[in-house]
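[1] sequence-free structure coming up:
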């Protein structure tokens with residue numbers, strides 16, 4: 001057992017469950033291996049790191065994370081209408097997640113929202129944008145990060 005507390009420069013191993021407002025589980029480590037990551041490395045959005053800072057082994061909690069601190073608000077400007085011709089041989093379907101490259105060549109996932117003869121509407125918001133999430137955590141280990 002370690003006496004370290006979660007803070008910058010610490011490696012954390014924990015079990016977590018992420019649920020929507022209605023209790024639907026979005027992601028959980030309960031049935032599999034716990035998650036291990038470095039605090040502050042960008043693996044968790046800051047809104048998920050802030051509530052667990054200062055926790056130690058054996059501690060945990062249930063935290064409500066608002067959209068602003070999770071995956072942002074749903075932004076109507078992130079919904080784009082593309083020409084059906086742009087899809088080439090690929091047949092888009094409503095609900096399908098497709099990967100697109102932006103002008104900088106960065107891969108962006110988008111969800112197909114609607115299709116007509118000429119246009120395809122694609123939502124580039126994070127699937128959890130606009131959602132208030134419950135983040136349940138059980139801290140299993142906290143150790144200083146070893147630099148190799």
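    Structure's in. What do you need? Predicted model only: the values in this text are computed from it and were never measured.
[2] now for the lengthiest strand in the chain, which elements pack on it?
    In the chain, assigned by DSSP state E, the strand with the most residues is strand 133-144. Here strand 133-144 touches strand 10-19, strand 60-65, going by 3 or more C-beta pairs under 8 Å, 6 or more residues apart in numbering; DSSP states H and E. Just so you know, the C-beta spots here come from the backbone N, C-alpha and C atoms, and that holds for glycine as well.
[3] give me the mean pLDDT for the helix or strand following the first one.
    Going back to what we said before, that points to strand 10-19. Per DSSP states H and E, the first helix or strand lying C-terminal to strand 10-19 is strand 25-28. Averaged over strand 25-28, pLDDT sits at 95.
[4] rewinding a little: check the helices and strands packed on strand 133-144 for me and report the most buried one.
    By mean neighbour count, with neighbours taken as mean count of other C-beta atoms under 10 Å, strand 10-19 ranks first of the helices and strands packed on strand 133-144 at a mean of 19.
[5] that one: partners in the sheet, and parallel or antiparallel?
    Partners of strand 10-19 in the sheet, by DSSP bridges, are strand 25-28 (antiparallel), strand 35-38 (antiparallel), strand 133-144 (antiparallel).
[6] how about the longest one: buried residues?
    Okay, so that is strand 133-144. Within strand 133-144, the residues scored as buried using 16 or more other C-beta atoms under 10 Å are 133, 134, 135, 136, 137, 138, 139, 140, 141, 142.
[7] just stretch 68-78 next, same as before
    For stretch 68-78, by 16+ other C-beta under 10 Å, it's 69, 70, 71, 72.
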